[in-house]
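J.: sequence plus predicted model, see below.
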Amino acid sequence: MKTTNRTVLVTGGAQGIGYAISQEFIANGDFVAIFDLNEEAAIAAAEKLGNAKGYKVNVTDETSVKTAIDAVIAERGSVDVVVNNAGLQFISRTEDFPVEKWDLLNDVILKGTFLMTKHSLKSMQAQNYGRIINIVSAHGRVPDAYKSAYCAAKAGQTGFSKVVALENATNGITVNCIEPGPVRTELIEKQLPVLAEKDGTSVEEALNHHILGKQWIKRLLEPSEIGKTAVFLASEGAAAITGESIPVTGGI
């Protein structure tokens, strides 16, 4: 079983939670391939992190995903860990939700997870070892107003993960989800003014109502807390954990 110098793919790894996850795997002694739609940001992040390389990847496009994964395998020999983190948010009442935004969220979050998993599995199966970690959300099980597409996609990721875990349970491959609660990221910061406007409240009131109101410890989580959980799920100590969804929420 590999425990160090593994090849780790992280989607949306150029910033936020993805960057923190990449940072924690590198600290663990692994190599990280940063997959991001923004090639410049991916390359810059890899240079800053050290034992990493940036790739321009559109996770909604099968050719883009397959080409990038094949390139990593050609360079590194295998794919050992995949972290499906790429995501985005759009806020709207359901009756006003634009279809193109619904499709975009589901393509990036759900289809992207499917494509990354599909094209990484054969490498993992060939070596009887692999770790797939999907960054879902507490909103996959706890609804929040104006986030119908996001909640639906995150719930879909969880269901998909369980199927892949079941199919590969005897192949040395585990598949698990992390459910982050409110994390201190640009995604949260951008949501707050929109939520405040929808509710007719202040940004602080929106933070407490939508973000921290349901949470027990009443603080934003740090991205590194998600990263450390991902490293644990990829560790030897978590080899018997599969098909699970681990909340890192501060209590929700």
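T.: All right, it came through fine.
J.: figure out how far stretch 212-227 is from the centre of its chain.
T.: Relative to the centre of its chain, stretch 212-227 is centred 16 Å away, using CA atoms, centre = their mean, to the nearest Å.
J.: and that stretch, how far apart are its ends?
T.: 21 Å (CA to CA, to the nearest Å).
J.: so for it, mean pLDDT?
T.: Averaged over stretch 212-227, pLDDT sits at 90.
J.: buried set for that stretch?
T.: 212, 214-215, 220-221, 223-227 (16 or more other CB atoms under 10 Å). (C-beta placed from N, C-alpha, C; glycine too.)
J.: can you check stretch 144-156 too?
T.: Quick answer for stretch 144-156 (16+ other CB under 10 Å): 144, 146-156.
J.: give me the subset of the buried residues of stretch 212-227 that lies in helices.
T.: Cross-referencing those against helices under DSSP state H gives 223-227.
J.: circling back: Throw the buried residues of stretch 144-156 into a markdown table and include distance to Asn171, secondary structure and pLDDT, thanks.
T.: Putting the buried residues of stretch 144-156 into a markdown table (distance: CB to CB, whole Å; DSSP: H, G, I helix; E, B strand; the rest coil; pLDDT from 0 to 100) gives the following:
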| residue | distance to Asn171 | secondary structure | pLDDT |
| --- | --- | --- | --- |
| Asp144 | 36 | coil | 84 |
| Tyr146 | 40 | coil | 91 |
| Lys147 | 35 | coil | 94 |
| Ser148 | 35 | helix | 96 |
| Ala149 | 33 | helix | 96 |
| Tyr150 | 31 | helix | 96 |
| Cys151 | 31 | helix | 96 |
| Ala152 | 29 | helix | 96 |
| Ala153 | 27 | helix | 97 |
| Lys154 | 26 | helix | 97 |
| Ala155 | 26 | helix | 96 |
| Gly156 | 23 | helix | 97 |
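J.: from those residues, which is closest to Thr60?
T.: Ranked by distance to Thr60 (CB to CB), those are led by Ala153 at 12.1 Å.
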